[in-house]
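[1] fold the following for me, if possible:
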Amino acid sequence: MYKMSGFGHVILCYYILGYIWCSSSAWQVTMPSKIKGLLGSCLVIPCSYDYDQYPPKRPDRVVWYQYVSEGYPIVSDNWNRNDVLDIFKGRTSVYSSSHHRTCSLLIDPVTLADHSQKLYPWVDPENVGWRTYRFYDTTVTVEVVGTADPPVIEIFGNKVVGQSVTVQCSVYHTCPNYPPSLRLNIPLRNERLTHSPLSDGRSKTMVTTTLFIEKEYQTVECYVQHRGGRSASASKTLTSQCSISGLTVSSALYEFLEGDQSTVTCTVSYTCYRNIPTLTWNYGNMPASSDTSKLSGGAQWRTVSTLTFTASANDNGRSLICYARFPGGQTKEASITLRVKRNILNLGWSFTAPATITGLKGSCLIIPCKFSYKNSQPNDLQVMWYLYQINGFPAVFKQGGSVISKFDGRTSLIGSVVEQNCSLKIERLEMSHNHDRLYPWIDKNSITSYGTIDHTFYDGSTELVVSEHAPEPQLSIIGILRVGEQGTVSCSVRHTCFSAPPTLTLKDLPGIDQNMDTLVSEGIWERKIVRTWTAEEEHQSVSCAVNYPAGQSAKKSIPLTAECSISPLNISSTSDQTQEVNISMRVKTSPEKPVMTPVPEEVDAGSTITVSCSVTHTCSSHPPVFSWTVSHLTSEVSHIMMSRGTWQTTSTITFIVTEGDGVRNLTCNAIFWRNREQAHTVSLNVKGSLMYRFKSSAPVAFPVSFRALIIITLAAVFAVFIWRKRKHTDESLKPPPRPEQRRSLWDRLSRQSFWSRFSRRQDRTANISVAYTKNSSNVTCGAESKPRCPSPKDNRRRPSPFNPEVSGIAVNDKIQIIQI
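    Residues are numbered from 1 along each chain as shown. Modelled structure (predicted):
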């Protein structure tokens, strides 16, 4: 036998160890050696494996064991859950994946029993043995902690008040399946929540948001709450820098007018309230006020100083300076250069012109204007008109000079300058002239020597309003129009061109016209035409048309309503003597009111009332028409001539008062010719509506109720009869009652029974008594005694020896006994 040398033993050991090492190096399990778990929360132990040979048959089969010196206590086995250690039973599960080759373990919830537990996984333990890979050599130790770690707050960005920074709050944990919740004490903008695993087995949950810095010092707090209820918090103070923006001086006016007050503002903005500055001006003798406010929607504060500045001629070209001094000693200043213009209204002259004037397209227009000088008026004055503009002086009328194109050849002066008349006439108005503002210049010096025109001169200018359509004429009837009498109609229109006035034409009426032209106000004329004619019923309307030289026209019509007039009274005489007759006529502006005949103050519902309504009038050809507010049964209208020229029309109706208690109105309405109306109203107090309803329904309800009562009565009588007959048959078979028995309630009441009135025996006896004797068939009535009556037929059943049912009827206070 071959004996191996010592060197051979060494080689063999190295070979065996190399084989084991090569076999073991074919597998690899990766997981942390130590991991912390929060008490009450969950714990996920991340685990992954890999291999380059000896693959498992069931890569998704993973079992976790407790590391002990002997044995394999099961911590988690999805196949054999009953074999799991009691301290882990129901709290562990394996997350395995053959594709990702994971073998992670979930413990939920974590208890104190998990502390210092040393665990390890085994992939496919039924097929992968310890010779392939010693899984128990790669273990993880669990550390249970009872306090949650505080979150971590980080702030990134330019920390300046009024700027935005990025705030991050993160927390590290070992429960990725149920990550903790994070909450910040600041408004969340652009919020983002992320969860990411770390290489050491932990997970990181982080919330990111944007914070707008509003204060110099601000505290950011973050709160975390884990599964199981344990929480922690952290805070961080954000110290930001204050900023101050530039100082600005501004005015609404580019140029200041001499002697006029205007406002100039000095504004400075800053981000910290403690930096409120003091603002002053180099014109300290002028009033100024300051105001500090916080701008909405941000962290900016603003202080504004408002100076009421009155410029003088010497201030032109000077600087207006604003100084700002802050609490820390910092100063700023800003200024503007003053441009002061002489006030045109202080030149010693003024003018008056209308604020607006309206003209028609294609027609002419005259702007009335008057001027005056405070002192003596200079000689050789020239009047010029300009179009108002902020920059420049475009001429509208300039003697011997050029004007702007749209007014070229259209303007001229009306009146004399010596008489202080500066009126301007504009020919052939165009729509391009609409809303132009014109003003005169009456000075020996050129307007350009005074710079721009301020708002005061704007207020004195005249605005042109050009209309494209002609206005309607005003048409009206003068006085009261009556048939057969003279009527007068007036048509007028106002215009602004006296040299070319419009033409008025009245239509639909014959008559004589009178034309008039009147100056209503400065620059406004009125043309009127008045026509007189004899009114007739056939004249229904009148129209008036206006035509302008430029071709525009307008028309207006109104209806004519002529009243009837009384025919003249002809008086004749057979004698030769002279007679004098005076006739007076009274003309009313409204027709007579109708008169109603008296009606009762109280009426019953359902009653019939006849009432009449009459009215007098003077127009027999068009008598009034009546209408009533009630529905009537009959209606009759009559016409009676009361006197010469006066008629009376009467409407008589008969109506039934409707139900409904209370006050009702009865109105008679008379409609006269031309739809003129008069009405008369009386009040009726209606009562008895309930009785009226009862009477109305009685003819139907009573016959039905009476028939029903008869049927019910007959049914009751028949039922009682059948019942008594049955009872008699049943009781005839019963033995007679014992004498000592008390009589029944029915026997007592039957003495007064209604049925005793129909008894076969009508004997009247006094002091009647009834007694019953045992084994006796006699009935004692007074002093007589007789045997009971036998049955008329021998073959009939013998009647009962005793019948307790006895009926009686009272006659003259005495009782009659009838045996049944």
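[2] flag the shaky bits of the stretch 251-400 of the chain, pLDDT-wise.
    Across the stretch 251-400 of the chain, the ranges flagged by pLDDT under 70 are 342-347.
[3] again, only using 90
    Under the criterion pLDDT under 90, the flagged ranges of the stretch 251-400 of the chain are 252-261, 270-275, 284, 294-301, 311-317, 327-330, 339-358, 370-384, 386-394, 398-400.
[4] which residue ranges of it form strands?
    256-257, 261-270, 278-281, 288-294, 301-310, 319-325, 331-337, 340-341, 349-352, 356-360, 365-367, 370-373, 383-387, 395-397 (DSSP state E, counting those that start in this stretch).
[5] for the fourth one, buried residues please.
    Going by neighbour count (16 or more other C-beta atoms under 10 Å), the buried part of strand 288-294 is A288. Any C-beta I mention is one placed from the backbone N, CA and C, and that applies to glycine too.
[6] so in that sheet, which strands flank it, and in what orientation?
    Looking at strand 288-294 with DSSP bridges, its partner strands are strand 301-310 (antiparallel).
[7] one step back: let's have the strands of the stretch 251-400 of the chain in TSV, adding distance to G523.
    What follows is the strands of the stretch 251-400 of the chain, written out as TSV (distance: least, C-beta to C-beta, whole Å):
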stretch	distance to G523
strand 256-257	30
strand 261-270	34
strand 278-281	48
strand 288-294	45
strand 301-310	37
strand 319-325	44
strand 331-337	43
strand 340-341	31
strand 349-352	12
strand 356-360	6
strand 365-367	5
strand 370-373	12
strand 383-387	14
strand 395-397	16
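[8] tell me which of those strands lies nearest to N665.
    strand 356-360 (52.8 Å; C-beta to C-beta).
[9] tell me what that closest one is packed against?
    Judged by 3 or more C-beta pairs under 8 Å, 6 or more residues apart in numbering; DSSP states H and E, strand 356-360 is in contact with strand 365-367, strand 462-467.
[10] pick the most deeply packed of those strands.
    Ranked by mean neighbour count under mean count of other C-beta atoms under 10 Å, the helices and strands packed on strand 356-360 are led by strand 365-367, which reaches a mean of 23.
[11] report all helices and strands that that strand contacts.
    Against strand 365-367 (3+ C-beta pairs under 8 Å, 6+ apart) you get strand 356-360, strand 423-426.
[12] follow-up on the earlier one: distance to A311 added to the helices and strands packed on strand 356-360, as CSV?
    Putting those into CSV (distance: least, C-beta to C-beta, whole Å) gives the following:
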stretch, distance to A311
strand 365-367, 32
strand 462-467, 28
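[13] doesn't Y65 fall inside a helix?
    No - under DSSP: H, G, I helix; E, B strand; the rest coil, Y65 sits outside any helix and is assigned strand.
[14] contacting residues for it?
    72-75, 119-122, 136 (C-beta atoms under 8 Å, 6 or more residues apart in numbering).
[15] what is it paired to in the beta sheet?
    Applying DSSP bridges, one finds that Y65 bridges with I74, Y120.
[16] so how far is N78 from it?
    To N78, Y65 is 14 Å away according to C-beta to C-beta, to the nearest Å.
[17] swap in C619?
    From C619 to N78 the distance is 115 Å (C-beta to C-beta).
[18] which one's more surrounded, those two?
    It is C619, of C619 and N78, that has more neighbours when counted by other C-beta atoms under 10 Å, with 18 against 14.
[19] on that earlier part again, so which of the helices and strands packed on strand 356-360 is nearest T166?
    In terms of C-beta to C-beta, the element of the helices and strands packed on strand 356-360 nearest to T166 is strand 462-467, at 59.0 Å.
[20] what pairs with that closest one, parallel or antiparallel?
    Sheet pairing of strand 462-467 (DSSP bridges) gives strand 356-360 (parallel), strand 437-442 (antiparallel).
[21] list the buried residues of the next helix-or-strand element following that strand.
    Per DSSP states H and E, the first helix or strand lying C-terminal to strand 462-467 is strand 474-478. By 16+ other C-beta under 10 Å, the buried positions in strand 474-478 come out as 475, 477.
[22] distance between strand 474-478 and the chain's centre?
    The chain centre lies 48 Å from the centre of strand 474-478; the measure is C-alpha atoms, centre = their mean, to the nearest Å.
[23] next SSE after it?
    Next helix or strand after strand 474-478 toward the C-terminus (DSSP H and E): strand 486-495.
[24] what's in contact with that next one?
    Residues outside strand 486-495 that contact it (C-beta under 8 Å, 6+ apart) are 360, 363, 471, 473-479, 481, 501-502, 504, 506, 509, 520, 524-535, 542, 544, 546, 548, 556, 562.
[25] swap the cut-off to 6 Å and go again
    Residues outside strand 486-495 that contact it (C-beta atoms under 6 Å, 6 or more residues apart in numbering) are 473-478, 481, 501-502, 504, 506, 524-533, 535, 542, 544, 546.
[26] over to stretch 353-360?
    With C-beta under 6 Å, 6+ apart, stretch 353-360 has contacts from 365, 367, 369, 429, 462-463, 465-467, 496, 523, 548.
[27] go through that stretch and flag the buried ones.
    353, 357-360.
[28] likewise for stretch 640-655?
    For stretch 640-655, by 16+ other C-beta under 10 Å, it's 647-653, 655.
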